[in-house]
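A.B. asks: sequence first, predicted model second:
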Amino acid sequence: MSFLKKIFRCNCPVTSALDIVGDKWTLVIIKQMLLEYKTTFKDFYDSDEAIAPNILSERLKKMQSIGLIDKLKHPTNRKTNIYILTEKGLTLTPIVIELALWAHNNITPMNQDVLKDLNVELNDKNKLQDLIINKYVTKTASR
């Protein structure tokens, strides 16, 4: 509990949420898990975002201690850890969707590849959220 007291600057709910997910990497890692199905340290490290290994390690530990992810042993390679989103982590899906939609509406003119791989009506947020969570749960259950 003292760890959690240290990470919160004040009692404001928005500021407190940003104290958890407002750093440069937490939502990127969640996005990688949720949309790209990355599960191992190597998966995250080898991604296009180029997160430094020490930062990645620290962020995964923080996310685990907060309860956003669980760390499990890989079923076929006990030396490898896999990371999966918890129910609490999955509740961040609407935030990832809102950021993706904001990017689609505001960044697409600068980056034409934004959201190119999602085949769903972008204005139906509930359908998009269900699609993303169901695909994630199905993919991680098969690992």
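C.D. replies: Structure's in. What do you need? Numbers count the residues shown, from 1 in each chain.
A.B. asks: now do the helices in the protein.
C.D. replies: All helices of the chain, identified by DSSP state H, fall at 2-7, 13-21, 26-36, 41-45, 53-66, 87-90, 93-106, 125-141.
A.B. asks: against residue 12, how distant is the closest residue to residue 7 other than its chain neighbours?
C.D. replies: Spatially, and ignoring its direct neighbours in sequence, residue 7 is nearest to residue 19 (5.2 Å; Cβ to Cβ, 6 or more residues apart in numbering). C-beta here means a position set from N, CA and C on the backbone, and glycine is covered the same way. Counting by Cβ to Cβ, to the nearest Å, the gap from residue 19 to residue 12 is 10 Å.
A.B. asks: which one of those two has more residues nearby?
C.D. replies: When residue 19 is set against residue 12 and neighbours are counted by other Cβ atoms under 10 Å, the residue ahead is residue 19, at 17 against 11.
A.B. asks: OK, contacts around that one?
C.D. replies: Neighbouring residues of residue 19 by Cβ atoms under 8 Å, 6 or more residues apart in numbering: 7, 8, 9.
A.B. asks: of those residues, which is the nearest to residue 41?
C.D. replies: residue 7 (22.4 Å; Cβ to Cβ).
A.B. asks: what's the neighbour count on that closest one?
C.D. replies: Residue 7 - counted by other Cβ under 10 Å - has 12 other residues nearby.
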